[in-house]
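> Output the structure for:
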Amino acid sequence: MAYLVRITSRAERDLSHIYGKIHAEHAGAALEWYQGLKEAMYSLQERPDRCSITRKRGPLRHLLSGYKPHIYLVIFRVLPKLRQVEVLHVRHGARRKFKPSDIA
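The predicted model follows:
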C-alpha cells in the first residue's frame, strides 16, 4: 500500500527559494529541475524506508536527488501508522551537515 506524501510549508518555501536563485535566462532548465525534484519527492510513496536515516539520531531520513555538483537533500520522516511521508526540508547537498534543529 502506498504512502501519502505531504510536503510541509517549510519544504515548499525551501523549493521556492532554490528555484528563485536559478537565473531567469535558464527558466526552462529551472522548471525541469523543479519538476524532477518534486517527482523524486513523490517517489517516496513507494518504499520510503529505502532512504538512509539522517545522522542515526531520531526518525528523520534523507533522499538525494540530482547530479554532481547539483545534488539536493530532501529531509523527511515516515509516519507508518498514518501511512504518510512528511517532507520537512530541502537543501543543497554542499551546505554544512544537516542538524535536526535546521527544520525548526
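
> nearest residue to the residue nearest the centre of the chain other than its sequence neighbours?
Centroid check for the chain by Cα atoms, centre = their mean gives Val74 as the closest residue, at 2.2 Å. Once flanking residues are discounted, Val74 sits nearest to Leu63: 4.3 Å by Cβ to Cβ, 6 or more residues apart in numbering. In this view, the C-beta of every residue, glycine as well, is placed from N, C-alpha and C.

> returning to that earlier point: ok, the residue nearest to the centre of the chain - contacts?
Counting by Cβ atoms under 8 Å, 6 or more residues apart in numbering, Val74 makes contact with 11, 37, 40-41, 62-65, 87, 89-90.

> So what sits opposite it in the bridge?
Leu63, Val90 (DSSP bridges).

> Pull the number of nearby residues for Leu31.
Applying other Cβ atoms under 10 Å, we find 12 residues neighbouring Leu31.

> Helix, strand or coil: sort out it for me.
Under the three-state scheme (DSSP: H, G, I helix; E, B strand; the rest coil), Leu31 adopts helix.

> And Leu44, by the same measure?
Applying three-state DSSP: Leu44 is helix.

> Distance check, it against Ile75.
12 Å (Cβ to Cβ, to the nearest Å).

> My guess is Gly36 contacts Ser65. True?
Yes. Taking Cβ atoms under 8 Å as the definition, Gly36 is a contact partner of Ser65 at 7.2 Å.

> between the two, who's got more neighbours?
For Gly36 versus Ser65, neighbours defined as other Cβ under 10 Å are more numerous around Ser65 (20 against 13).

> now the strands: where do they sit in this structure?
Listed in chain order, the strands of the chain (DSSP state E) span 4-7, 52-53, 60-67, 70-79, 84-92.

> tell me the most buried of those strands?
Among these, strand 84-92 has the highest mean neighbour count (mean count of other Cβ atoms under 10 Å), at a mean of 20.

> could you give the mean pLDDT of it?
The average pLDDT within strand 84-92 is 92.
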